[in-house]
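A.B. asks: this one's sequence-less:
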């Protein structure tokens, strides 16, 4: 259910790819504290690198990286602790996206507009999405200062089915009357679960060197199966 919900939100608030180049820093937290620190780098040619810093069950720091080249047939999931690089085919993401085709037309949602708010010094519109089918409430703080697809581009390598067609996005947005926007903050609450919050702390439009998207030397290369999920 969570994957389907994520896909639907992307269709509602994503937009076609842009030429944004820069760095995004965010954190994922809950009532228990910060669960992960996220850093995403966007290259001028479309390459994306996402680093996620978290802790394992023993409280030890764990750094995972996903590198998504704009060209080629594969992206890469990197475990720095194991010094391993798993190569994954982009075709897996395309297959996942086809599973949610038509969701924009069939979704049963209620949209509430809750006014203007400042998030990390950026003016936003607070929108609440109520999904009775999944017993979930999602609050989004949207801005048009940044491209709406930055989250989509960063998380597509996590194999959540975020590769949507522009037609599918347009249908969903038209149905609910929502203008595209980048989510500076997202709060998700599902029945029986603890609310989780994505908060963007800063976004900088700065040059990102090509070396940032290079695979590290000295790591073991592994070919992942076509249906694996990093």
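C.D. replies: Now that the structure is in, tell me what you want to look at. Because the structure is a prediction, the values reported are computed rather than measured.

A.B. asks: so how far is residue 63 from residue 80?
C.D. replies: As judged by CB to CB, to the nearest Å, residue 80 and residue 63 stand 5 Å apart. The way it works is simple: take the backbone N, C-alpha and C, and place the C-beta from them, glycine included.

A.B. asks: Pretty sure residue 151 sits in a strand.
C.D. replies: No: applying DSSP: H, G, I helix; E, B strand; the rest coil, one finds residue 151 to be helix, outside a strand.

A.B. asks: Might one say that it is in contact with residue 182?
C.D. replies: Yes: Residue 151 is within contact range of residue 182, at 7.3 Å (criterion: CB atoms under 8 Å).

A.B. asks: Comparing these two, which residue is more hemmed in?
C.D. replies: Applying other CB atoms under 10 Å to residue 151 and residue 182 shows that residue 182 carries more neighbours, namely 26 against 23.

A.B. asks: in stretch 44-54, what counts as buried?
C.D. replies: For stretch 44-54, the neighbour count (16 or more other CB atoms under 10 Å) marks 46-52 as buried.

A.B. asks: Go through these and flag which are in strands.
C.D. replies: When the buried residues of stretch 44-54 are checked against strands (DSSP state E), the matches are 48-52.

A.B. asks: Mind telling me what element the closest residue to residue 49 other than its chain neighbours is part of?
C.D. replies: In space, not counting the residues next to it along the chain, residue 49 is nearest to residue 41; the distance is 4.4 Å by CB to CB, 6 or more residues apart in numbering. Assessed by DSSP states H and E, residue 41 sits inside strand 33-42.
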